[in-house]
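# turn this into a model:
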Amino acid sequence: MKEQIYTIPVNEAFDDHEGGCPFCRLYEKLENNELDLILGASMMEPDVRIKTNERGFCEDHFSKMMTRKNRLGLALMLESHLDVVKEDIALGGLLAKNKAARPIKRIDELNKSCYVCERIEHNFANMIETAAVLYAREKEFREKFNKQKVFCLPHYRRLLECAGRLSKPYNSDLVTDASRIVTEALDKLRNDISWFCKKFDYRFENEPWYDSKDAIERTVAFLKSKE
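Residues are numbered from 1 along each chain as shown. The predicted structure follows:
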């Protein structure tokens with residue numbers, strides 16, 4: 001079954017219950033693996049090159065590839081990608097009613113597509129589903145699940161969607177446990193943000209910061225993590 005492929009990385013992510021959202025860790029690991037592959041072993045594979053030529057990359061992943069070592073590999077991909085783009089955005093024929101229709105459509109497609117994003121999403125969706133299945137099947141995983149300190153909002157939403165596909169009573173139990181974790185995380189973030197604000201009041205300047213120094217960063221990560 002497909003979830004068996006993802007059991008090890010999902011379990012490893014949930015082994016850590018102090019490092020933020022476990023799904024964010026999984027996403028980051030997937031992203032780094034895909035960037036390593038596309039600038040390494042996969043770069044010269046003909047079937048991969050066809051897909052990168054067609055789909056291109058989003059701005060975020062172009063930026064991340066530019067910071068890595070293999071700039072020649074990136075340039076080679078860009079070389080063939082530009083050839084395909086040039087051909088694809090050619091104007092319509094002389095008899096076409098709207099010569100601009102073809103390039104407009106193709107550029108819209110390029111702005112919405114990314115080879116790396118699509119690869120990550122395929123695996124990431126299966127990993128979230130695997131986590132839900134493991135929750136239903138394994139008591140040990142449920143214990144690790146309930147030790148988590150936070151699920152970011154985007155991944156919490158996707159987890160709830162997967163919970164809806166579980167049989168009773170695990171669908172309800174997963175929703176209840178995940179909701180408790182997120183509610184407690186929200187309460188802590190709210191308290192830490194409030195204390196961060198108070199520290200700028202002279203009446204509290206000599207008080208300790210407690211956990212509030214990075215409250216802004218943790219709150220943004222909770223609200224807007226990658227999907």
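
# buried residues in the lengthiest helix in the chain, which are they?
Assignment by DSSP state H gives helix 170-198 as the longest helix of the chain. In terms of neighbour count (16 or more other Cβ atoms under 10 Å), helix 170-198 has its buried residues at 170-171, 174, 177-178, 181-182, 185, 188-189, 192, 195-196. For the C-beta atoms, the positions are set from N, CA and C on the backbone; glycine is no exception.

# chain center to the helix or strand bottoming out on mean pLDDT in the chain: distance?
Here the helix or strand of the chain ranked lowest by mean pLDDT, DSSP states H and E is helix 2-15, holding a mean of 88. Distance of helix 2-15 from the chain centroid (Cα atoms, centre = their mean, to the nearest Å) equals 16 Å.

# same thing with stretch 22-42?
On Cα atoms, centre = their mean, the centre of stretch 22-42 falls 10 Å from the chain's centre.

# and for stretch 81-89?
29 Å.

# tell me the buried residues in it?
81, 84-85, 88.

# my guess is Ser113 meets Thr52, correct?
No. In this structure, Ser113 is not within contact of Thr52 by Cβ atoms under 8 Å, at 10.4 Å.

# between these two, which one's more packed in?
Thr52 (21 against 15; other Cβ atoms under 10 Å).

# Ala136 sits in which helix or strand?
helix 115-137 (DSSP states H and E).

# in that helix, what's buried?
For helix 115-137, by 16+ other Cβ under 10 Å, it's 115-117, 119-120, 123-124, 127-136.

# now do stretch 150-168
150-156, 158-160, 162-163, 166.

# show the average pLDDT along it.
For stretch 150-168, the mean pLDDT works out to 96.

# what comes up buried for stretch 91-108?
Buried-residue list, stretch 91-108, by 16+ other Cβ under 10 Å: 102, 106.

# between the two ends of it, how far is it?
Start-to-end span of stretch 91-108 (Cα to Cα, to the nearest Å) is 15 Å.

# so which residues make contact with that stretch?
85, 88-90 (Cβ atoms under 8 Å, 6 or more residues apart in numbering).

# tell me the least confident of those residues?
Lowest confidence among the contacts of stretch 91-108: Ala90, with 86.

# list the contacts of that one.
Contacts of Ala90 (Cβ under 8 Å, 6+ apart): 102-103.

# work out for me the element it sits within.
Applying DSSP H and E, one finds Ala90 in no helix or strand.

# and the pLDDT for Lys112?
95.

# against Asp47, how distant is it?
22 Å (Cβ to Cβ, to the nearest Å).

# neighbour count winner among those two?
Lys112 (11 against 7).

# for the more buried one, give its distance to Glu59.
Taking Cβ to Cβ, one finds Lys112 at 12 Å from Glu59.

# could you do Glu34 as well?
Applying Cβ to Cβ to Glu34 and Glu59 gives a distance of 16 Å.

# among the two, which residue is more densely surrounded?
Shown here are Glu34 and Glu59; by other Cβ under 10 Å, Glu34 has more neighbours (19 against 9).
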